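Visitor: Quick one: sequence plus predicted model below, questions after.
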Amino acid sequence: MKLRLLLLSVAVLLTALFAVRSFHNSSSNTPTAPSKVDQRILRAQQSIAKFPDKANSYNQLASAYMQKARETADFSFNANADAAITQSLALEPDNYDGLKLRTKLQLTYHRFAEALETTHHIQTFRDDDHDVWGQMTDALVELGDYPAAVKAAQKMVDLRPDSSAYARVSYLRSLHGDTQGAIDAMTAALKASNPNDPEGVAWCHVQIGNELLNAGKLAQAEREFDTALLIFPNHSLALQGKARARVAAGDLTQAVAIYEREANSADAAQALGDIYTKLGQVNSAKAAFQKFETLERENAALERSWRHMVNFWLDHDQNLAEALKLASTEYESRKDIFTCDSLAWALYKNGRIAEAKNVIKEALRTGSKDQRINDHAIKINQS
Amino acid sequence: MRNKLARRITFSVSLLALLASFALSPNPNTSLASSHREAPLIVADPLADNTDTYAFRSTESGRNGFVTLIANWIPFQEPSGGPHFYKFDDTVLYEIYVDNTGDGVEDVTYQFRFNTKFTNPDSILGMAAPNQAVAGAGGVEPLITSLNDPDYNEPQTYSVTRIDRRGKEVIAKDLIVPPNNIGERTTPNYETALGQPAVYSLPNGGKVFAGQRDEGFYIDVGGVFDTLKLKSIGATDGIDSTAGFNVSTIAIEVPIQELTRTGAVPAGPTASDAVIGIWATSSRQKITVLRSNPAEKNDAGPFQQVSRLGSPLVNELIIPLKLKDSFNRSTPEGDSQFAPFVTNPQLAQLLSAVFGITVPVAPRNDLVAIFATGIPVNPVTGPNFTTFLSDGRPHEMLRLNVAIAPSSSPSRLGLLGEDVAGFPNGRRVFDDVVDIALRAVAGGTPFTPATNISPNNTLGDGVANNDVPFLTRFPYLGVPQSGNSTTGAPHGHHTINSLPALP
């Protein structure tokens, strides 16, 4: 009886996995399919040749290149998109779609202040566009203007409550320390997500898992990561969530196995380094941290943010002066709680305790339950 | 998504692709750059996306005094979309509205709310799970043979609430949505065992059904969106792009008198209570970004309408991209703001440019009549026909004259085929709204005699019927495609070279 049941469940599981796989393959992410995005680029170029004075042709090209950048993980295509948008806005300075695409690119390039400015400009034409309020929310969150971000997100959700609006609500609640509220809103985002977009559905599960993990609800968190991986196998953020859950459960072996698969992730390399350090495997740790530095330097250039690198140096007592310099520079341009935390930690590590005590207050201002910020606050305030 | 595809008819090639990039692109791969959490910004919301609304006098035998209202959501369902398949969204408020006074404000509302249960919440297997076998009841299955089968692991139930000026009443509850048509092993004899038993009788003598159906809307999307480079402008040789997909349907049949202004069956087609206006919507709940009391468990606020659909293709043909959101959250009452797009639609200019044809000059009062006020009694359609229902202002709704009996010899072209019981008098499941709309916008109708010439009045997308037969009984839309079919045509490649008989 038991054997039969076992065989039965294996059979059913295989069926289910097959179903998932075919579901996945039916999506537009199939790598072997002829590239739709290349066809779009070609069509846009043809359209430009035909109508060289129409901004829309360039908008089409920009949009296609941004898609290409996402699909290929080759960030450089965004530069092509940027050139096309510049041309579009030169032809028709206030064309609406061009301005929305410009904002999107500015967010991609982490030019948050400029993105914010563009959304203000767009809203002189119309102020009831859900997407623009969403872009504004993203810019304000990154710049650390949380009261304004909350207002923009509220406007977004009131205009059109949907998965993307609920997801932003979730993040803002998380930043303000309302973990359960963040989980509730992300659950709403999950329920409202597009069943034909397995990556999007998996993404919501991962975010819920991360909140649960931070709240110490290990088993529940891991279930979310597992579900994400069932829906979208090899989802990078889901794998890393799963690995963090394994670390928290003390299962370093499996965590290492997962992180090692994530060969191109700076985060994974750093996590590996931490695990090897814990295991006393000094050489492996050193190699992993070196890999982290290589990958993170690329990220820092693309994202115009040295925060991860700075945090790494501070945690490893390296390059402390340079870390402080970079953290100060970043703080000039944005005051989000993570930038504030980074600067406070850099000041502390450089022995400037009084200043650190002031700046860490800014990192604590939203009541975030972020472990790192709260640990730093305790250390800084005890010294 | 189909709705979104269709919406693109109005735009030039370049804008089409831009929209495509928003509506159809996969989400950004969040793993690419680094660790930060980028939420997708522009996402499709198919669970709340109205795709089609139908309204017609019931044609099923013995249902002479009834009207059938149908609304569809969740387009482009892959039949093999397991393991969770497609369900209505428990958090969405689905509604069908009826205006019987012409002010664009609903007088009768049917609300549908769904609730999913989990027979075995620990199962990760989704819609079907071998719960009976695991419980020791034998069998190598999940096998769902009835609506109450324990192997139907995520049964969804729903309630129907009717609202009118007298108040609000729950007219049915705990009705079961059938599982998707998963395949012959899991959901054998689908229509007999699961589809038809999910048609419930209502206390008013009507019927209701909510569940998966074959996508009954047919269109050659490729031809229409390749700047109208139609493979054929006749009735055949196009490709039915929606073939092979399923959709989620809510259908309700009610006695005529439940919908009219007088509460009675109208005396005749020109009686003042003969015409009703119908549209369907979906609404999602607002939430407060930062809760004042984080311990508060349920933070769902008031509903905000996010989607609206009355007449077919109006949202797609008439409303510019920029105003889609605004249109989708609006009600017919305030439709004056969209009137300029009806009186001078971009599609007419595009048709003129592509086919080199002369189209009627703006303002297009013929289109205003069809889509925004209803067609008044006029010499062309004679003394016994009207769909006029308006307080003098434009209100976009699907208008149905409930006093016009079903046709004994229906035409897919409805009124243009001299069949007064078809679109734009209501809309039946088989009405060829794409061909009708193309001809109407090109002015190829008797209402604009100067342009009622070929090719204006012969335009079409080359697809004249659905790939799956419609039913002759409620809920009329065809049996959903099996998720494990070995005979079904792959979708998107279905050339319709013959004209199957209409039901």
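Guide: The structure has been received and is ready for your questions. Numbers count the residues shown, from 1 in each chain, chains lettered A, B, ... in the order given.
Visitor: Give the residue spans of chain B that score low on pLDDT.
Guide: Residues of chain B meeting the criterion pLDDT under 70: B:1-43, B:82-84, B:122-125, B:136-141, B:224-227, B:231-232, B:294-298, B:486-503.
Visitor: The residue most central in space within it: what secondary structure?
Guide: For chain B, the residue whose C-alpha lies nearest the mean C-alpha position (CA atoms, centre = their mean) is B:Asp52; its distance is 1.5 Å. When classified by DSSP: H, G, I helix; E, B strand; the rest coil, B:Asp52 comes out as strand.
Visitor: contacting residues for it?
Guide: Under the criterion of CB atoms under 8 Å, 6 or more residues apart in numbering or on different chains, the neighbours of B:Asp52 are B:Ile70, B:Ala71, B:Asn72, B:Gly216, B:Phe217, B:Val247, B:Leu309, B:Pro312. From N, CA and C alone the C-beta is placed, and that goes for glycine too.
Visitor: How much space separates it from chain A?
Guide: For B:Asp52, the distance to chain A under the criterion CB to the nearest CB, to the nearest Å works out to 18 Å.
Visitor: ok, back up a step: now the contacts of B:Asp52 in a markdown table, with distance to chain A and neighbour count?
Guide: Compiled in a markdown table, these are given as follows (distance: CB to the nearest CB, whole Å; neighbours: other CB atoms under 10 Å in any protein chain shown):
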| residue | distance to chain A | neighbour count |
| --- | --- | --- |
| B:Ile70 | 22 | 27 |
| B:Ala71 | 19 | 27 |
| B:Asn72 | 15 | 25 |
| B:Gly216 | 19 | 25 |
| B:Phe217 | 17 | 24 |
| B:Val247 | 13 | 24 |
| B:Leu309 | 16 | 26 |
| B:Pro312 | 22 | 25 |
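Visitor: Neighbours of A:Gly351, how many?
Guide: Applying other CB atoms under 10 Å in any protein chain shown, we find 10 other residues in the vicinity of A:Gly351.
Visitor: Can you read off the pLDDT for it?
Guide: Reading off the per-residue confidence, A:Gly351 sits at a pLDDT of 97.
Visitor: The one 5 residues further on too?
Guide: At A:Ala356 the predicted local confidence, pLDDT, stands at 98.
Visitor: Make sure it is indeed in a helix.
Guide: Yes - assignment of A:Ala356 by three-state DSSP places it within a helix.
Visitor: That one and A:Cys340 touch, don't they?
Guide: No - at 10.6 Å, A:Ala356 does not count as touching A:Cys340 under the criterion of CB atoms under 8 Å.
Visitor: Quick check: the residue of the stretch 201-350 of chain A found nearest chain B vs A:Glu224, distance?
Guide: At 2.9 Å from chain B, A:Ser236 is the closest residue in the stretch 201-350 of chain A, using CB to the nearest CB. In this view, A:Ser236 and A:Glu224 are 15 Å apart by CB to CB, to the nearest Å.
Visitor: Those two - which one has more neighbours?
Guide: In terms of neighbours (other CB under 10 Å), A:Glu224 is the more surrounded of A:Ser236 and A:Glu224; the figures are 28 against 19.
Visitor: In this structure that one contacts A:Gly209, no?
Guide: Yes - contact status for A:Glu224 versus A:Gly209: in contact at 3.3 Å, counting by CB under 8 Å.
Visitor: who touches both of the two?
Guide: When contacts are counted by CB under 8 Å, 6+ apart, the set common to A:Glu224 and A:Gly209 consists of A:Gly241.
Visitor: so A:Ala149 sits in a helix?
Guide: Yes - A:Ala149 sits within a helix when classified using three-state DSSP.
Visitor: Now do it against A:Gln123, distance only.
Guide: When CB to CB is the yardstick, A:Ala149 and A:Gln123 sit 15 Å from each other.
Visitor: hang on, the earlier thing: same list (the contacts of B:Asp52) but as TSV, adding secondary structure and distance to A:Asp131.
Guide: Converted to TSV, the contacts of B:Asp52 look like this (DSSP: H, G, I helix; E, B strand; the rest coil; distance: CB to CB, whole Å):
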residue	secondary structure	distance to A:Asp131
B:Ile70	strand	31
B:Ala71	strand	26
B:Asn72	strand	25
B:Gly216	coil	31
B:Phe217	coil	27
B:Val247	strand	26
B:Leu309	strand	21
B:Pro312	coil	26
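Visitor: so which of those comes closest to B:Ala267?
Guide: Distances from those to B:Ala267 were compared by CB to CB; the smallest belongs to B:Ile70, at 26.8 Å.
Visitor: So that closest one is in contact with B:Tyr54, correct?
Guide: Yes - in this structure, B:Ile70 is within contact of B:Tyr54 by CB under 8 Å, at 4.1 Å.
Visitor: what sits in contact with each of the two?
Guide: B:Val429, B:Tyr476.
Visitor: number of nearby residues for the residue in the stretch 201-350 of chain B that chain A sits nearest to?
Guide: Of all residues in the stretch 201-350 of chain B, the one sitting closest to chain A is B:Arg284 (4.0 Å; CB to the nearest CB). Other residues near B:Arg284 number 28, with proximity taken as other CB under 10 Å.
Visitor: May I ask which helix or strand encompasses it?
Guide: Assigned by DSSP states H and E, B:Arg284 belongs to strand B:275-287.
Visitor: Check which helices and strands that strand sits against.
Guide: Counting contacts by 3 or more CB pairs under 8 Å, 6 or more residues apart in numbering or on different chains; DSSP states H and E, the secondary-structure elements packed against strand B:275-287 are helix A:146-159, helix A:179-191, strand B:50-57, strand B:66-77, strand B:93-99, strand B:300-309, strand B:398-401.
Visitor: among the ones you listed, which is nearest A:Ala115?
Guide: When the helices and strands packed on strand B:275-287 are ranked by proximity to A:Ala115, the top entry is helix A:146-159, at 12.1 Å, counting by CB to CB.
Visitor: what is the mean pLDDT for the closest one?
Guide: If you average the pLDDT values across helix A:146-159, you get 97.
Visitor: Mind pulling up the pLDDT for A:Ser22?
Guide: The model reports A:Ser22 with a pLDDT of 31.
Visitor: Was I right to think A:Ala113 contacts A:Ser333?
Guide: Yes - counting by CB under 8 Å, A:Ala113 does reach A:Ser333; the two are 6.9 Å apart.
Visitor: Surely the residue of the stretch 201-350 of chain A closest to chain B touches A:Glu262?
Guide: Yes - contact between A:Ser236 and A:Glu262 holds when scored by CB under 8 Å: they sit 6.4 Å apart.
Visitor: how about the residues of the stretch 251-400 of chain B near chain A?
Guide: Applying CB under 8 Å from any CB of the partner chain, one finds that the stretch 251-400 of chain B approaches chain A through B:284-291, B:294, B:297, B:299-300, B:304, B:306, B:322, B:325-326, B:328-329.
Visitor: So which residues of chain B form strands?
Guide: When secondary structure is read from DSSP state E, chain B shows strands at B:50-57, B:66-77, B:93-99, B:108-116, B:156-164, B:167-177, B:200-201, B:207-214, B:246-255, B:275-287, B:300-309, B:398-401.
Visitor: No further questions, thank you.
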